[in-house]
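Trainee: Below are the sequence and a predicted model for it; my questions follow.
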Amino acid sequence: MFEDALIAWDDHDDAHGNVQHITHNGVSKEEFEFILTSPHSRRGRIRSSGRQTAWGDGPDGREIVIVYEIECTVPLVIRPVTAYEP
C-alpha cells in the first residue's frame, strides 16, 4: 500500500524536524519505514488529531507505533510526525 510512497523527511540537522523527533524517541528512519510498509502492521487514526497511525513489530522485534500524515495522494507523499515504543 505504501511501498511506493515518497517520505517527506526533514533535514537531519533540523532540531525541530521529524528525523530528530523520532530518533530522540529511539526509532530510526528505517524502522519507521518498515512499520509503514509492513503488511503486518495494524492501522488506525488518533481520535484527537485525526492523524494516521500504524503499529507493529519492527525488524528487531520491538513494538513500534508510528504517526504520520498523508500530504498528497498523487503522488502519495507521507509526512512522518512521530514514532515511539508504547
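Mentor: Noted; the coordinates are in hand. Residues are numbered from 1 along each chain as shown.
Trainee: Name the residues that touch stretch 45-58?
Mentor: 27, 31, 34-36, 38, 40-44, 63-70, 81, 86 (C-beta atoms under 8 Å, 6 or more residues apart in numbering). (C-beta placed from N, C-alpha, C; glycine too.)
Trainee: what's the average pLDDT for it?
Mentor: Here stretch 45-58 scores 95 as its mean pLDDT.
Trainee: Same question for stretch 19-30.
Mentor: 95.
Trainee: who's in contact with it?
Mentor: So stretch 19-30 is contacted by 7, 9-12, 14, 32, 58-59, 64, 66, 80-85 (C-beta under 8 Å, 6+ apart).
Trainee: of the contacts of stretch 45-58, buried ones?
Mentor: Buried subset of the contacts of stretch 45-58 (neighbour count, 16 or more other C-beta atoms under 10 Å): 27, 31, 34-36, 38, 41, 64-68, 81.
Trainee: Show me the strands paired with the strand of greatest length in the chain, marking each as parallel or antiparallel.
Mentor: In the chain, with assignment by DSSP state E, the single longest strand is strand 63-73. Here strand 63-73 is paired, per DSSP bridges, with strand 52-57 (antiparallel), strand 76-84 (antiparallel).
Trainee: Now do the buried residues in the longest one.
Mentor: Burial within strand 76-84, assessed by neighbour count using 16+ other C-beta under 10 Å, is assigned to 78, 79, 80, 81, 82, 83, 84.
Trainee: so what's residue 31 up against?
Mentor: Shown in contact with residue 31 (C-beta under 8 Å, 6+ apart): 58, 59, 64, 83.
Trainee: Could you point out the helix or strand that follows whichever strand or helix holds it?
Mentor: Taking DSSP states H and E as the definition, residue 31 sits inside helix 29-37. As assigned by DSSP H and E, the chain's next helix or strand after helix 29-37 is strand 42-45.
Trainee: show me the contacts for residue 38.
Mentor: Taking C-beta under 8 Å, 6+ apart as the test, what residue 38 contacts is residue 56.
Trainee: For it, grab phi and psi.
Mentor: phi -70, psi 130 (degrees, to the nearest 10).
Trainee: quick one: residue 13 and residue 19, what's the gap?
Mentor: 9 Å (C-beta to C-beta, to the nearest Å).
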